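# Take a look and give me a structure for this.
(one chain, ligands or ions: 1)
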Amino acid sequence: MKTIDRRDFGAVALGAAAATLLQGHDAEAQPRRPDAGTPLGPNPPEVAVVPLPFAPTSLPGLSERMLVSHHDNNYGGAVRKLNEIRTQLGTADPAQSGAYWSLYGTLKSAELAARNSAVLHELYFANLAAGQRPPAALATMVTQRFGSMDRFRAQMLGAAKAANGWVVLVADGVSHTLEIVQTESHAMGGWSASPLLVLDVYEHAYAIDYGANKSGYFDAFWRNVGWSAVHERATRALARG
Ligand SMILES: [Fe+2]
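You can find the predicted model right below:
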């Protein structure tokens, strides 16, 4: 199986609509990612696990043990599962379908979950960095939408308290507003939205360091937000409007 090289860790997007938004200047420059499109036919090219984009010892409050486990086992597992599913999809017969169930349909559903998991984990790791403050332009965008950075933090982490999956700040391509989106599974998507700030709330993202203390993890996450990546994504997404 040929291995696909994916170097841009920070610019992946959710789902079909977001992929459509990326067509044009982004699609050609970044063609090889989990959401670049389902390969058709047998022996599909393999998506590769991308290394952590930071030193795993560099983020205060998030241990090397937890970050490496998260990356290798959870994100890496999603990529490996995505490749496995796509190999099976390459030979599954879409015409062999019953009224209520088909192997092809089940594989497509599993592919969506694995792809979203891979994409969201890449975005999550790419929006972690030590010691950053929000660029002034991003702070202005956030303040105009949510009232202040503190109110944005309260809303994002308030949503995270009740979530068991992901909380994502997105740029909505229809309303052209910033929104906070909560999800409970990987097989989802803010279909008109581009993800900007991604927070992983699955237990595997915090339990090694924090046990059941989610709020301790949230404080550590917030200290390690890579605001430059968030600003870059926001500028790109909102400019498409
Ligand atoms: Fe995760």
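
# tell me which residues of the longest helix along the chain are tucked away?
With secondary structure taken from DSSP state H, the chain has its longest helix at helix 103-126. Within helix 103-126, the residues that qualify as buried are 104, 107, 110-126, counting by 16 or more other CB atoms under 10 Å. No exception for glycine: its C-beta is placed from N, CA and C like everyone else's.

# How far off centre is that helix?
10 Å (CA atoms, centre = their mean, to the nearest Å).

# does any bit of that helix sit next to the ion?
No - applying CB under 5 Å from the ion, one finds helix 103-126 separated from the ion by no less than 5.5 Å.

# Mean confidence (pLDDT) on whichever helix or strand comes after that helix, please.
Note on helix 103-126: by DSSP states H and E, the next helix or strand toward the C-terminus is helix 136-146. Across helix 136-146, pLDDT averages out at 97.

# ok, now stretch 165-178?
The model assigns stretch 165-178 a mean pLDDT of 90.

# the helices in this protein, which residues?
Under DSSP H, the chain gives helices at 15-22, 25-29, 64-69, 76-89, 103-126, 136-146, 149-161, 207-210, 214-223, 227-240.

# tell me what the longest helix of the chain is packed against?
Judged by 3 or more CB pairs under 8 Å, 6 or more residues apart in numbering; DSSP states H and E, helix 103-126 is in contact with helix 76-89, strand 193-200.

# can you give me the angle that helix makes with helix 76-89?
Angle of helix 103-126 versus helix 76-89, following axes from the mean of the first three to the mean of the last three CA atoms, to 10 degrees, is 150 degrees.

# hey, C-alpha coordinates of helix 103-126 in PDB?
The C-alpha coordinates for helix 103-126 follow below in PDB (Å, rounded to 0.1, in the frame of the first residue of the first chain):
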ATOM      1  CA  LEU A 103     -22.000  -4.100   4.500                       C
ATOM      2  CA  TYR A 104     -21.100  -1.100   2.200                       C
ATOM      3  CA  GLY A 105     -23.300   1.300   4.200                       C
ATOM      4  CA  THR A 106     -21.900   0.100   7.500                       C
ATOM      5  CA  LEU A 107     -18.400   0.600   6.300                       C
ATOM      6  CA  LYS A 108     -19.300   4.100   5.000                       C
ATOM      7  CA  SER A 109     -20.600   5.000   8.500                       C
ATOM      8  CA  ALA A 110     -17.500   3.600  10.100                       C
ATOM      9  CA  GLU A 111     -15.300   5.400   7.600                       C
ATOM     10  CA  LEU A 112     -17.000   8.700   8.600                       C
ATOM     11  CA  ALA A 113     -16.300   8.200  12.300                       C
ATOM     12  CA  ALA A 114     -12.700   7.200  11.700                       C
ATOM     13  CA  ARG A 115     -12.100  10.100   9.300                       C
ATOM     14  CA  ASN A 116     -13.700  12.700  11.600                       C
ATOM     15  CA  SER A 117     -11.700  11.300  14.600                       C
ATOM     16  CA  ALA A 118      -8.400  11.600  12.600                       C
ATOM     17  CA  VAL A 119      -9.300  15.100  11.300                       C
ATOM     18  CA  LEU A 120     -10.400  16.400  14.700                       C
ATOM     19  CA  HIS A 121      -7.300  15.000  16.500                       C
ATOM     20  CA  GLU A 122      -5.000  16.600  13.900                       C
ATOM     21  CA  LEU A 123      -6.800  20.000  14.500                       C
ATOM     22  CA  TYR A 124      -6.700  19.500  18.300                       C
ATOM     23  CA  PHE A 125      -3.000  18.800  18.400                       C
ATOM     24  CA  ALA A 126      -2.300  21.600  16.000                       C
END
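
# Quick check: which ranges of the protein have low pLDDT?
Residue ranges of the chain with pLDDT under 70: 1-39, 97-100, 185-192, 240-241.

# Tell me the residues on it that lie near the ion, please.
Asn74, Asp200, Tyr202, Ala205.
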